[in-house]
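predicted model and sequence follow; I will ask about them next.
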Number of protein chains: 2
Amino acid sequence: MNRYLKSSLTIFINGANRIRRYQFSRHLSQSSANLEPDLWESVPGLVRCPANCVPLSPISFLERSAKVATLAPNVPAMHELHFAVPMAGAVICTLNTRHDSAMLSILLRHSKAKVIFADYKLLEIARGALDLLVSLETKPPILVLIPESIDSSPTSITSDTYEYERLLATGLAEFSIRRPKSEWDPISVNYTSGTTSRPKGVVYSHRGAYLNTIATFLLHGMGSMPVYLWTVPMFHCNGWCLIWGVAALGGTNVCLRNVSPKAIFDNIALHKVTNMSGAPTILSMIVNSPTSERRPLPHKVEVMTGGSPPPPQIFLKMEEMGFGVSQLYGLTETYGPGTSCVWKPEWDYLPLDEQLRLKARQGVQHLGLEELDVKDPLTMNSVPNDGKTIGEIMFRGNTVMSGYLNDLEATKEAFRDGWFRSGDLAVKHPDEYIEVKDRSKDIIISGGENISSVEVETVVYSHPAVLEVAVVARPDDHWGQTPCAFVKLKDGSHVDSEEIIKFCRDRLPHYMAPRTVIFEDIPRTSTGKVQKFILRDKAKALGSLS
Amino acid sequence: MNRYLKSSLTIFINGANRIRRYQFSRHLSQSSANLEPDLWESVPGLVRCPANCVPLSPISFLERSAKVATLAPNVPAMHELHFAVPMAGAVICTLNTRHDSAMLSILLRHSKAKVIFADYKLLEIARGALDLLVSLETKPPILVLIPESIDSSPTSITSDTYEYERLLATGLAEFSIRRPKSEWDPISVNYTSGTTSRPKGVVYSHRGAYLNTIATFLLHGMGSMPVYLWTVPMFHCNGWCLIWGVAALGGTNVCLRNVSPKAIFDNIALHKVTNMSGAPTILSMIVNSPTSERRPLPHKVEVMTGGSPPPPQIFLKMEEMGFGVSQLYGLTETYGPGTSCVWKPEWDYLPLDEQLRLKARQGVQHLGLEELDVKDPLTMNSVPNDGKTIGEIMFRGNTVMSGYLNDLEATKEAFRDGWFRSGDLAVKHPDEYIEVKDRSKDIIISGGENISSVEVETVVYSHPAVLEVAVVARPDDHWGQTPCAFVKLKDGSHVDSEEIIKFCRDRLPHYMAPRTVIFEDIPRTSTGKVQKFILRDKAKALGSLS
């Protein structure tokens, strides 16, 4: 690990604002694509099947000797570990920085992590989790502290804790990289981010990570030597596989510990950022930022957004500011990005509102995925490409997860009938581009009619006073369910429920307009996804309107 | 085949200058990456070993039901066949358009082709080859004529000949694509282009073609929807895998039946070409073109050159004209491109002659290759990276051929000790970039000293009167061998042997300067490589100088 880090990184240290820049050469190609089909299926819960490998082939098995967990924001050490851990023959498991000690202890126990690297700001949470493990008579992992900076003195090192930079300094100069015996070996475990209550450990393989990395930097339109600003959490799908992607292209990573509009604009100007990504919440943060925090862009900055369908207005405002925005769609189970709305040159000549409508769709699968379809989940028939019939989005290809760690039942369920079932509902347009309508569990059924919560949200969002919105079902004795909108207004704006409801009734069929509007903050996961299960509980507590 | 061609190509026909443009969507991802390791190793002569797959794994085998040969220049049908043939579950074998009937009959017999697609201009050669097969009591393949244009009436169709466009019209509308059962299935056979006397059938797999395609368009710095001008023969390494690559990026192919400076400049201007490639002979054609045939470039056109090391002066002249030139190095056995001289930003600040010196090197391996090394072919030790010690270039990776068709002995020899041995000699510089010095058989040994023919050629080429040069060994009773230069002068130039020899002695160690200079045309293969074996025979016929 030490030799790798010392020999192949060019590190620029900017002590003042906590940014380090990296320049990697082509290490990706060195550490992957090992072909022997062997010892892979012995890891509990993992299978290779037509959903992630067409066709299935029984192979031998490999039990990896160690797993390593990390608990860190977008800091340089987090980036280094994404190379160092697989190169040491281990599997990296990046944990959400918003977990508390209790959740952390559950995930450490489930993943059987041998070592945990914890950022200095998260040290107490990590220590709390290890204490919980000890109280459960489970052997805790070794704790390694990532300090504030390379030269900062460790804050609270005790005898049972290692310190990251010191550990590097004691590394073996002659360490040679351990390549995977098979390209199907696990490279990482990503716990799903918690829009549902029970986190699952999604396992990625070296092969899938390799192919998805290539597909992702192609989606981003990254050329040689990009400058990438880390506004997407590295713990989320291993930074959409771009941690490896930027390295493959010899690029520069600009790491941010905390994301704010000022930090984004300052770093774009300072480092001449070419690419960045982020959930719609990041885009919303940018377009709603005070003018005083903005700075002119040095050139067009390409932004990929995903995580949830963004309102079309966001695209327009971002492009007015000089960003080029494209949309990705995917899940943790598809290594992050799975589709993108590839722009067709002939669309340049369409009216603006038509362009926005086209751009808001989720599009077509990327180069790494073999098949994308929208199907009836019962009959498995493809829905017609009429832009109307709703079905479930399903995937097949090499960039579909290996399975859920230690959860064969969940793996089998996700891969039933040989396709990966996303749980997301969509239509297929005449040009074969897909458009997400909702999560299966987010659809609202009112008087027997399906209502896409996303469609209602798009209309509410277009009201000038609205900053954020989420629509869920409120139980109803008469209609079964009715739409209930949770709205956060822009600073200084004042509108009431009636105005929002009227605004929607002017623009939507009557049954689709919200019957209830509640003004409050929208709860989100750390990756920017709305936690609708919390809102559903609140709406349920309101009782029936009829 | 028909359904595919009708549904997924946008075809622009320009009847006047014989150019068709294509726009493909992402079919590459549809037709590859099938994973079942099976029936692959039963095809005679093919192995998977540490040179093309690390580590070796016995797999089952697949005998493909048909092979299909093509004999055509860079015309649209040739491009279509590169998709249609693999999609029909067959293997494509593209044949050099300069072969005569005798050579063609040998290759058709060796490849056991079932169908041959022949361009109308090559019909008589193809018929001659089929007649030869019949005379040898070998069943000839079915002949399909590719007409001059879609709407031209077939010229000389007989009862035993099909016509390409008519055949398409009778295709099944409901044909479904046959995907490979295993990604290791052969996709194409490329016969080596004849710098040696005995052609060998180099087999590519679907997997290798997939990975090399990605590596190649990344090398070319191609963005989304490139416009690619076909100045490199499609029959050479399947157009360096770019036939598939341009399609993967949704790009446009501009096909040229014949390459000339006027056609190159006209098409760049007309179609706003972004990328092209070609052997140094194409670059030489461009920089030496009459001013009357040149047209202004619409923007910087990126050119990849390879095939043989180009003289540094060519780079300079091309860049003065507005082209960006980069160098590739590879062999038919590495799917064409294997390395490139990746430009480092810090080199921008070096003096021009230093930049040219760096740029003339062959560089580092591309993303698809795992390992590149320069080794002593006997001890297999790596040479030191001193820029001086000469060794043999060796490769390992997924983009190394599957083997030589029906020639297991040659395959084993090429993969001896688990590396693919290129037969090319090079040095490794302190920055690990390699620089080709010569083919093993082209090195000249004079008085016990190794002389790189390429180094001598570079000096001769820098003489202002010289258009082309090739240096080979002339047998010598005293020295063993001495350098003998074959020179083609520019139109209107007059210099004699003495001047060339003096010019070299002023710039090289005495023993490296040519002792003999012969003024005549340089024989080349259709891909622009000098046929040194012809020149060696001529030099041998001269006898000893001493």
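Noted; the coordinates are in hand.

which secondary element of chain A has the worst mean pLDDT?
Taking mean pLDDT, DSSP states H and E as the measure, chain A has strand A:61 as its least confident helix or strand, at a mean of 15.

in a strand, A:I393, correct?
Yes. Counting by DSSP: H, G, I helix; E, B strand; the rest coil, A:I393 is found in a strand.

that one touches A:V436, doesn't it?
Yes. Counting by Cβ atoms under 8 Å, A:I393 touches A:V436, with 7.2 Å between them. Using the backbone N, CA and C atoms, a C-beta is placed for each residue, glycine as well.

of these two, which one has the most company?
Shown here are A:I393 and A:V436; by other Cβ atoms under 10 Å in any protein chain shown, A:I393 has more neighbours (28 against 22).

contacts only, for that one.
By Cβ atoms under 8 Å, 6 or more residues apart in numbering or on different chains, the contact set of A:I393 is A:L372, A:D373, A:V374, A:S422, A:D424, A:L425, A:A426, A:I434, A:V436.

equivalent analysis for A:P312, please.
A:L356, A:R357, A:K359, A:A360, A:T458.

make it 6 Å
Applying Cβ atoms under 6 Å, 6 or more residues apart in numbering or on different chains to A:P312 gives the contacts A:L356, A:A360.

how far away is it from chain B?
22 Å (Cβ to the nearest Cβ, to the nearest Å).

likewise for A:H299?
15 Å.

so that residue lies in a strand, does it not?
No. A:H299 is assigned coil when assessed by three-state DSSP, not a strand.

spatially central residue for chain A, please.
Nearest residue to the geometric centre of chain A (Cα atoms, centre = their mean): A:H236, 4.5 Å.

roughly how far does it sit from A:P351?
36 Å (Cβ to Cβ, to the nearest Å).

and A:I501, by the same measure?
Where A:P351 is concerned, A:I501 sits at a distance of 29 Å (Cβ to Cβ).

show me which of those two is the more surrounded one.
Applying other Cβ under 10 Å to A:I501 and A:P351 shows that A:I501 carries more neighbours, namely 18 against 8.

tell me the contacts of that one?
A:A513, A:P514.

am I right that it falls within a strand?
No. Counting by three-state DSSP, A:I501 is not found in a strand; it is helix.

which ones are touching A:D476?
So A:D476 contacts A:T482, A:S544, A:L545, A:S546 (Cβ under 6 Å, 6+ apart).

of these, buried ones?
For the contacts of A:D476, a burial check counting by 16 or more other Cβ atoms under 10 Å in any protein chain shown picks out A:T482.

so which of the contacts of A:D476 comes closest to chain B?
A:T482 (41.9 Å; Cβ to the nearest Cβ).

what's the helix or strand encompassing the closest one in contact with?
For A:T482, the element it lies in under DSSP states H and E is strand A:480-489. For strand A:480-489, contacts defined as Cβ under 6 Å, 6+ apart pick out A:444-446, A:451, A:456, A:460, A:465-474, A:476, A:514-519, A:521-522, A:535, A:539, A:545.

which ones among those lie within helices?
Among those, DSSP state H puts A:V456, A:V460, A:L535, A:A539 in helices.

A:P311 versus the third one, what's the distance?
Between A:L535 and A:P311 the distance, using Cβ to Cβ, works out to 18 Å.

one step back: quick check: the residue nearest to the centre of chain A vs A:G528, distance?
Taken as Cβ to Cβ, the span from A:H236 to A:G528 is 9 Å.

A:K317 now?
Relative to A:G528, and taking Cβ to Cβ, A:K317 is found at 17 Å.

repeat for A:L132
From A:L132 to A:G528 the distance is 28 Å (Cβ to Cβ).

those two: who's more crowded?
A:G528 (22 against 18).

from B:P280, how far out is the residue nearest to the more buried one when sequence neighbours are not counted?
Excluding its sequence neighbours, the residue lying closest to A:G528 (Cβ to Cβ, 6 or more residues apart in numbering or on different chains) is A:A279, at 2.9 Å. Using Cβ to Cβ, A:A279 is found at 50 Å from B:P280.

for A:C93, same thing?
Taken as Cβ to Cβ, the span from A:C93 to B:P280 is 51 Å.

which one's more surrounded, these two?
It is A:C93, of A:C93 and B:P280, that has more neighbours when counted by other Cβ under 10 Å, with 27 against 22.

can you pull out the strands in the stretch 151-300 of chain A?
A:161-163, A:186-191, A:201-205, A:227-229, A:252-254, A:275-278 (DSSP state E, counting those that start in this stretch).

the stretch 401-546 of chain A too?
Going by DSSP E, counting those that start in this stretch, the stretch 401-546 of chain A shows strands at A:403-404, A:420-428, A:434-439, A:444-446, A:449-451, A:466-476, A:480-489, A:516-519.

export those to CSV and tack on mean pLDDT and distance to B:L108?
Output for the strands of the stretch 401-546 of chain A, formatted as CSV (pLDDT from 0 to 100; distance: least, Cβ to Cβ, whole Å):
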stretch, mean pLDDT, distance to B:L108
strand A:403-404, 83, 48
strand A:420-428, 90, 45
strand A:434-439, 85, 46
strand A:444-446, 86, 65
strand A:449-451, 80, 61
strand A:466-476, 92, 67
strand A:480-489, 94, 69
strand A:516-519, 96, 76
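
highest mean neighbour count out of those?
strand A:403-404 (a mean of 27; mean count of other Cβ atoms under 10 Å in any protein chain shown).

just checking, what packs against it?
Applying 3 or more Cβ pairs under 6 Å, 6 or more residues apart in numbering or on different chains; DSSP states H and E, one finds that strand A:403-404 contacts helix A:408-414.

could you dump the helix it packs on to PDB, C-alpha only?
Backbone C-alpha positions of helix A:408-414 (Å, rounded to 0.1, in the frame of the first residue of the first chain) are rendered in PDB as follows:
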ATOM      1  CA  LEU A 408     -29.300 -15.000  -0.700                       C
ATOM      2  CA  GLU A 409     -33.100 -14.700  -0.400                       C
ATOM      3  CA  ALA A 410     -33.000 -11.000  -1.200                       C
ATOM      4  CA  THR A 411     -30.500 -11.700  -4.000                       C
ATOM      5  CA  LYS A 412     -32.800 -14.300  -5.500                       C
ATOM      6  CA  GLU A 413     -35.800 -12.000  -5.200                       C
ATOM      7  CA  ALA A 414     -34.000  -9.100  -6.900                       C
END
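
list the buried ones in it?
Buried, per 16+ other Cβ under 10 Å, within helix A:408-414: A:A410, A:T411, A:A414.

residues contacting the last one?
This points to A:A414. A:A414 neighbours (Cβ under 6 Å, 6+ apart): A:F420, A:R421.

if we go to 10 Å?
A:51-52, A:200, A:202, A:333, A:400-401, A:403-404, A:407, A:420-423 (Cβ atoms under 10 Å, 6 or more residues apart in numbering or on different chains).

do you know the pLDDT at it?
pLDDT for A:A414: 84.

ranges for the helices of the stretch 151-300 of chain A?
Assigned by DSSP state H, counting those that start in this stretch, the stretch 151-300 of chain A shows helices spanning A:164-169, A:206-219, A:237-240, A:242-248, A:261-271, A:280-287.

please state the offset of the third one from the chain centre?
Right, the one you point to is helix A:237-240. Offset of helix A:237-240 from its chain centre (Cα atoms, centre = their mean, to the nearest Å): 6 Å.
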